[in-house]
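return a 3D structure for these sequence lines:
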Amino acid sequence: MFWVLLLLLAWAAAGTTCTRLCLAAVRTAAVDTDFATTGRVHDLTLYEAAFLSGGPRRVADLTLVSMARQHRLLLAHTGWATVVDPRGRDDIERSVIGAIGPEGQSRIAPVRADAASADAVRSLADRLVSAGLAVPDGARSGIAAAVRQVQCAAVAVLALGATALLMPAQSDMPRHLVALWFALPLALTLSCLAIARVEVHPYSRWASPAGQRLLGTLARHSAGTDDRTYLTSVAVRGISAIGEPGLRAAFEHREQHREGHRAGHWRA
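Prediction:
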């Protein structure tokens, strides 16, 4: 009857992880209800639209593009950023200039990472969460972690069931009935994953439902040729919306390994 112990382990794994997924879904639903009731009329700034669309990294990208178009930063196609005007107009611009460093030159990749983790961007995130427009960190990660746990439980149930079937017969229980017993916790895990995919998949990683509605309105007005519209498109769509090949290459350029060529790279 050793297979019964394996079956108990399978049920324990399936039941525990599915319960955690259900609790995470309930907490997320409660948060979404709060967002729906507390979200108020709000005109999104470009920084806010960038955060709700792509998170902290998108805010850093938008700031770099904006400063480059105003000729206050030089973003070379070789992947280097050079400060032209060291006076930032707001906290996020000052964070970007600080990330470039006192020498006024740096690779774009570390600048993006440092600016995205700056206090100014965290303050922006906190304000959006308080306004009911952004999803708190816990709500973003809770469902994803619970889904991964249920996926692992499904694999564990399959492994335990296969082990039970491959063991020498220890009772009069037919093998197809043993397989049927293990199919029950497997069905539980798979059904929970299917429900979670249908219910959770449409949610954004960064924007709450109220924030998504504002982004939808903003995106409908992001087609145009003026500078504000161009930056709005970058905020919503990211660097894929950058029209200039040289500017886009600055963000896509890979790190070079030879230190001796750095000066030549940014001047190229």
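
show me the shaky parts of the protein.
28-42, 138-141, 169-171, 199-204, 219-225, 253-268 (pLDDT under 70).

downstream of whichever strand or helix holds Val150, the next helix or strand is which one?
Per DSSP states H and E: Val150 is located in helix 137-166. Downstream of helix 137-166, the next assigned helix or strand under DSSP H and E is helix 175-200.

what comes up buried for the first helix or strand past that following helix going along the chain?
Counting by DSSP H and E, the next helix or strand C-terminal to helix 175-200 is helix 209-220. Of all the residues in helix 209-220, those buried under the rule 16 or more other CB atoms under 10 Å are Pro209, Ala210, Gly211, Gln212, Leu214, Leu215, Leu218, Ala219. To be clear about C-beta, it is placed using only N, CA and C from the backbone, and glycine gets the same treatment.

surely the third one touches Ser53?
What it means is Gly211. No - applying CB atoms under 8 Å, one finds Gly211 not in contact with Ser53, separated by 9.3 Å.

I'd like to know how many residues surround the nearest residue to Leu158 once chain neighbours are set aside.
Distances taken as CB to CB, 6 or more residues apart in numbering put Leu186 closest to Leu158, at 6.6 Å, once the chain neighbours are dropped. The number of residues packed near Leu186 is 20, by other CB atoms under 10 Å.

what of Leu62?
Using other CB under 10 Å, Leu62 is surrounded by 25 other residues.

and the contacts of the strand or helix carrying it?
Applying DSSP H and E as the criterion places Leu62 in helix 56-69. With contact meaning CB atoms under 8 Å, 6 or more residues apart in numbering, helix 56-69 is reached by 46-47, 50-51, 54, 73-75, 81, 85, 92-93, 96, 108, 111-113, 115-117, 121-122, 124-125, 227, 230-231, 234-235, 238-239, 242, 247, 250-251.

of these, keep whichever come out buried.
46-47, 50-51, 54, 73-75, 81, 92-93, 96, 108, 111-112, 115-116, 121, 124-125, 230-231, 234-235, 238-239, 242, 247, 250-251.

in helices, which of those residues fall?
46-47, 50-51, 54, 92-93, 96, 108, 111-112, 115-116, 121, 124-125, 230-231, 234-235, 247, 250-251 (DSSP state H).

quick check: buried residues in stretch 153-167?
By neighbour count with 16+ other CB under 10 Å, stretch 153-167 contains the buried residues Ala153, Ala154, Ala156, Val157, Leu160, Gly161, Ala164.

in three-state terms, label the nearest residue to Ala134 once chain neighbours are set aside for me.
Nearest residue to Ala134 in three dimensions, chain neighbours excluded: Leu128, at 3.5 Å (CB to CB, 6+ apart). Under DSSP: H, G, I helix; E, B strand; the rest coil, Leu128 falls in the helix class.

so how many other residues sit close to Leu128?
Number of residues near Leu128 (other CB under 10 Å) recorded here: 23.

quick check on His77: phi, psi?
For His77, the backbone dihedrals (degrees, to the nearest 10) come out as phi -70, psi -10.

tell me how many other residues crowd it.
For His77, the count of nearby residues is 18 (other CB under 10 Å).

how close does Ala154 sit to His71?
Going from Ala154 to His71 by CB to CB, to the nearest Å gives 55 Å.

same thing with Ala187?
62 Å.
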